[in-house]
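S.K.: Next input, structure requested:
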Amino acid sequence: MQPTFVLVHGAFANSFSFAPLQAELGLLGHRSVAVDLPGHGFAATYTYAYQAPQDTAALAEAPGAIKGVTLADNAAHLIGVLERAKRNGPVILVSHSRGGVTATAAANARPDLVDRLVYVSAWCPVDLDVGDYYAEPEMAGVDAGSLALALAGNPAELGLIRVNFRTADPAALAAFRSAFAADVTDEQFLTFLNTFQPDENLDVGGSGDRAQPATWGRIPKTYVRLADDTSLPLALQDRLIREGDALTPDNPYDVRTLPGSHLRWLVDPAPAARVLADVAALTTGA
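M.R.: Model prediction:
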């Protein structure tokens, strides 16, 4: 039976990010569903203070719908989507960036709903919690403060992380581009930036949300490395692969590599669609 790709976005993103990739998958004859996690997509908070001319003081204080959303909420929402998709045949769960944390939590809880996991430069914590990896040598070159250049409000007071992606601050824009999309055109970078939403939840899980060998570990899995990613560097991607393989040595990652930055595979999605089509063939034996 034809598999369904279930696509899970990363931080500050939404299902809109996947539209070009879904078009390419569709042209290759593949069915896909892009998920909006709670507080994302049309459930996101946009205020008039975020519009031009911006009222930055009001933006820093406005409440956001994503406040209080937890990783457990994200996983429960994703499981609901997986249950519906599974009725139609095999499911390939594809996650990007922070979306990997949610995919891992869902796979820990309901491995019966997933026929293959695909991480595209995505977090799959095994030995450490996500936040702790930032202190490791593989992340030493990452500018963890790039988002802080456009931070709006105090996360502790708002109960969420709010970033003003509509800033015109040259330093902030340069930092965003360096971190996420140094290899696309100015127009493509700004277009993608304008698909981001300002708010993200605070909870990235803890030790109980790391990959579990008895559940997550029995699902076939693929890791798609992004060779020029500077926000989740190749060295860290490779470490996550090694840790996953050590956790389940009888079920190692199928590893693929694409050139490009953290976002290029979504801006120019045809190569990624071909890789996913190959993965689908592995899953169905076609």
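S.K.: ok, now how distant is the residue lying farthest from the centre of the chain from L173?
M.R.: Each residue of the chain has a distance to the centre, and by CA atoms, centre = their mean the biggest one is for P53: 30.4 Å. Taking CB to CB, to the nearest Å as the measure, P53 falls 18 Å from L173. (Glycine included, C-beta is placed from N, CA and C.)
S.K.: could I have stretch 98-106 exported to PDB, CA atoms only?
M.R.: Extracted in PDB, the C-alpha atoms of stretch 98-106 (Å, rounded to 0.1, in the frame of the first residue of the first chain):
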ATOM      1  CA  ARG A  98      13.100  20.700  16.700                       C
ATOM      2  CA  GLY A  99      10.200  18.700  15.300                       C
ATOM      3  CA  GLY A 100      12.400  15.700  15.800                       C
ATOM      4  CA  VAL A 101      11.800  16.000  19.600                       C
ATOM      5  CA  THR A 102       8.100  15.700  19.000                       C
ATOM      6  CA  ALA A 103       8.500  12.800  16.500                       C
ATOM      7  CA  THR A 104      10.700  11.000  19.000                       C
ATOM      8  CA  ALA A 105       8.200  11.400  21.800                       C
ATOM      9  CA  ALA A 106       5.400  10.200  19.600                       C
END
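S.K.: contact partners of that stretch?
M.R.: Residues from elsewhere that reach stretch 98-106 (CB atoms under 8 Å, 6 or more residues apart in numbering): 8-11, 13, 37, 71-72, 74-75, 78-79, 82, 93, 95, 113-114, 117, 119, 122-125, 130, 204-205, 209-211, 216.
S.K.: Among these, which are located in helices?
M.R.: L71, A72, N74, A75, L78, I79, L82, V130 (DSSP state H).
S.K.: if you skip the residues just before and after it, what's nearest to the fifth one?
M.R.: Taking CB to CB, 6 or more residues apart in numbering, and ignoring the residues beside it in sequence, L78 has A106 as its nearest neighbour in space, at 4.6 Å.
S.K.: Give the buried residues for the helix or strand that neighbour falls within.
M.R.: For A106, the host element (DSSP states H and E) is helix 99-109. Residues of helix 99-109 classed as buried: G99, G100, V101, T102, A103, T104, A105, A106, A107, N108, A109 (neighbour count, 16 or more other CB atoms under 10 Å).
S.K.: what about that helix, distance to the chain center?
M.R.: Distance of helix 99-109 from the chain centroid (CA atoms, centre = their mean, to the nearest Å) equals 11 Å.
S.K.: repeat for stretch 133-149
M.R.: In terms of CA atoms, centre = their mean, the centre of stretch 133-149 is set 17 Å apart from its chain centre.
S.K.: Export it to PDB, keeping only CA atoms.
M.R.: C-alpha atoms of stretch 133-149 as PDB (Å, rounded to 0.1, in the frame of the first residue of the first chain):
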ATOM      1  CA  TYR A 133      23.900  19.200  23.800                       C
ATOM      2  CA  TYR A 134      24.500  22.900  23.400                       C
ATOM      3  CA  ALA A 135      27.400  22.600  25.900                       C
ATOM      4  CA  GLU A 136      29.000  19.900  23.900                       C
ATOM      5  CA  PRO A 137      32.000  20.400  21.500                       C
ATOM      6  CA  GLU A 138      29.800  19.600  18.400                       C
ATOM      7  CA  MET A 139      27.800  22.800  19.100                       C
ATOM      8  CA  ALA A 140      30.700  25.000  19.900                       C
ATOM      9  CA  GLY A 141      30.500  27.000  16.700                       C
ATOM     10  CA  VAL A 142      26.800  27.600  16.900                       C
ATOM     11  CA  ASP A 143      25.700  31.200  17.600                       C
ATOM     12  CA  ALA A 144      23.100  30.300  20.300                       C
ATOM     13  CA  GLY A 145      22.300  34.000  20.700                       C
ATOM     14  CA  SER A 146      21.300  34.800  17.100                       C
ATOM     15  CA  LEU A 147      17.500  34.700  18.000                       C
ATOM     16  CA  ALA A 148      18.200  36.900  21.000                       C
ATOM     17  CA  LEU A 149      19.000  39.800  18.700                       C
END
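S.K.: Cool, thanks, talk later.
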